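Novice: this one's structure only:
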C-alpha cells in the first residue's frame, strides 16, 4: 500500500530478549528519566499571585472609550450591533442637548448601550466595525455571575472612568 | 499475687512507646500522602499541593477534615457488619506491625535501667509481621465482598490472589535471609548488622543477599498494592476497586491504612536489609556522644532510611505503568518463585560449604 506520509513507524513485535524480560534495565531507565525531572523547571504559573501576560491579540471584556476630554466617543451609529455575529449588542440613540457638550463628543449619543455577555463570543468584530474608536476589547477576563440578569452589561458597566475626574474619584 | 507481680513502670514505658510509635506512624502516613502528591508533581513538572499552608504542608489535615465531614453512605445491599469491619481491619493490621520493629538501640539510663525502643521483642518477630500482613488481605476481601458491587468483588479477588501469590516468593526470599541470620527476632537481625563494615565485609544484609532483597522488594510492592502492581485499585478498569462503595472516613481508613503499610514495610525493609538503626562508624559516635544523643541519632538514621525507601516506592509508582493481571501472575509464579528458590539454594550451599 502506498504510504500517505512518511511518519508511520512499523511496530516491532519480535519476542522480548532476556534483558527486556527481566524488566530491570527498563525500570532503571525509566527511573533515571523521572528522577531527571526533579532538576527541571516547572512551567506552572501560580495563578492568583502570578499572572501570565496575554498574547497581543487577546480579546477580553469590552470597554466604551472616552476622548481626551472625558467625553463619550460613541455616537450610537449601530455599526457594532450590525457587525455582531452573535447579536449581543443593543443600543438606543439620543440627541445631545445644549449644555451637554462636555459629556458627549458629537450631536448623537447612546442613551442605552447593552452587551449581553451570555451571547458575546468575543470575536472583536465590534471593535473593528467602530468608526469612532469607541468600543474596545480589553485584556480583562470575563468574570462569572450568579444570575443571567447581571450578565447583560449596561453602559455604566462598560464605560471607562472619566480621565478628567480620575483623581477625585 | 506472685503471678501478677508485673512491673508497673514496665507497662507504662511500653504504653508510652506504643503510643509514640502509633502516632508517629500515623503522622508519617499523613505526610506520605502529601509527599506522594509532591513527588508526582515534581516528576510531571508541576507544583503540587501549595494552597494549604506553606508548601501545602497543611494539606493532609485539610484532607482528613474533609473526609471526616463527608456523608456516610452504606449501600442498601451491603452486609453492614462486614462493610464496617473491612476498613477497621485494614487499619488495625496496618497499625499492628510496628510493634516488633526495633526503632533504636537500647537506651541505658544512669541508674542502669535498660529501656528498649521496641514494643515487643518476640522471638518470632518476622513471622508475626507475616501473619499480620496476610491478615491485611481480609480487610480488602471483606470490603470488596460486603460492598455487593461486582467491581469491588473483582478487585478484591484480584488483590487476594495477588497477595497469596506474592507471599510465597516473599517468604522464600526471606527464608534465605533467615538461614544466614539464624534468628527470627528482629532485634537479633538488627544486632547482627552492627556498624557497616566488619571483618573485611559489609555487615548489612543487603550486601549479603542482593538477589533476595530484589525479590523481597518486588513482592513488597505487590503486598502493598502499589503501582506497578495496584491490581486492587486499577482506576482505569475497576473504577476504584474495593473501596468504590466507601465514603467518608471509612474510605479514609482504607487509604490511610495503605500509607501506614507503606511506612511499616519500608521500616521492615530497612531493618531486614539495610541494617535498621545501624550506621557506619556508630561505635565511634557512641563513644563521642552521650547515650541519649546516640539513641536519638540512631532513631533518626532509621527514619532517614525509611524515608528514602518510601521515596523510592513513590518514584517507582510514578514511573511505571500498571502490569496486566496475567503479566502479574506470570511474574509472580514463573519468575519470582523460581528465582527465590534458586537464591535459597545458593545461600544454603554457600553456608554449608564456604562458611563451615
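Specialist: Ah, there it is. Just so it is clear, the model here is predicted, and its values are computed rather than measured. Residues are numbered from 1 along each chain as shown, chains lettered A, B, ... in the order given.
Novice: gap between residue A:50 and residue A:60?
Specialist: 18 Å (Cβ to Cβ, to the nearest Å). Every residue, glycine included, has its C-beta placed from N, CA and C.
Novice: okay, these two: which has more neighbours?
Specialist: residue A:60 (15 against 8; other Cβ atoms under 10 Å in any protein chain shown).
Novice: What ranges in the stretch 151-300 of chain B fall below the confidence cut-off?
Specialist: Applying pLDDT under 70 to the stretch 151-300 of chain B picks out residues B:232, B:234-237, B:239.
Novice: Mind telling me which residue of it is nearest chain A?
Specialist: Here the stretch 151-300 of chain B gets closest to chain A at one residue, residue B:214, 8.0 Å apart by Cβ to the nearest Cβ.
Novice: Could you confirm that residue falls within a helix?
Specialist: Yes: counting by DSSP: H, G, I helix; E, B strand; the rest coil, residue B:214 is part of a helix.
Novice: Check the offset of the longest helix along chain A from the chain's centre.
Specialist: In chain A, assigned by DSSP state H, the helix with the most residues is helix A:24-36. Here helix A:24-36 is found 42 Å from its chain centre; the criterion is Cα atoms, centre = their mean, to the nearest Å.
Novice: Any chance you could list what contacts it?
Specialist: A:19-20, B:43, B:315-316, B:318-320 (Cβ atoms under 8 Å, 6 or more residues apart in numbering or on different chains).
Novice: Pull out the buried residues from it.
Specialist: A:30-31, A:34 (16 or more other Cβ atoms under 10 Å in any protein chain shown).
Novice: again, but for stretch B:79-97
Specialist: For stretch B:79-97, by 16+ other Cβ under 10 Å, it's B:79, B:82-87, B:89-97.
Novice: Show the subsequent helix or strand relative to the longest helix of chain A.
Specialist: strand A:62-64 (DSSP states H and E).
Novice: ok, residues contacting that next one?
Specialist: A:72-74, A:113, A:115, A:120, A:126, A:134-138, A:153, A:155, A:158-160.
Novice: How about stretch B:281-295?
Specialist: Outside of stretch B:281-295, the residues within contact range by Cβ under 8 Å, 6+ apart are B:104-105, B:107-108, B:117, B:194-196, B:279, B:297-298.
Novice: quick one, strands of chain A?
Specialist: A:62-64, A:89-95, A:108-116, A:135-137, A:152-153 (DSSP state E).
Novice: Report the distance from the first one to the chain centre.
Specialist: The chain centroid and the centroid of strand A:62-64 are separated by 12 Å under Cα atoms, centre = their mean.
Novice: Near the residue nearest to residue A:78 when sequence neighbours are not counted, how many other residues are there?
Specialist: Nearest non-adjacent residue to residue A:78, counting by Cβ to Cβ, 6 or more residues apart in numbering or on different chains: residue A:91, 6.3 Å away. For residue A:91, the count of nearby residues is 18 (other Cβ under 10 Å).
Novice: what's across from residue A:91 in the sheet?
Specialist: Here residue A:91 sits in beta bridges with residue A:113, going by DSSP bridges.
Novice: picking that back up, just the buried ones from the contacts of helix A:24-36?
Specialist: Of the contacts of helix A:24-36, these count as buried by 16+ other Cβ under 10 Å: B:43, B:315-316, B:318-320.
Novice: And the residue located most distally from the centre of chain A, what's its pLDDT?
Specialist: No residue in chain A sits farther from the centre than residue A:18, which is 55.9 Å out by Cα atoms, centre = their mean. Predicted confidence (pLDDT) for residue A:18: 78.
Novice: And the helix or strand bottoming out on mean pLDDT in chain A, how far out from the chain middle?
Specialist: In chain A, no helix or strand scores lower on mean pLDDT, DSSP states H and E than helix A:18-21, which sits at a mean of 76. Chain-centre distance of helix A:18-21: 53 Å, with Cα atoms, centre = their mean.
Novice: go on, stretch B:39-51?
Specialist: On Cα atoms, centre = their mean, the centre of stretch B:39-51 falls 25 Å from that of its chain.
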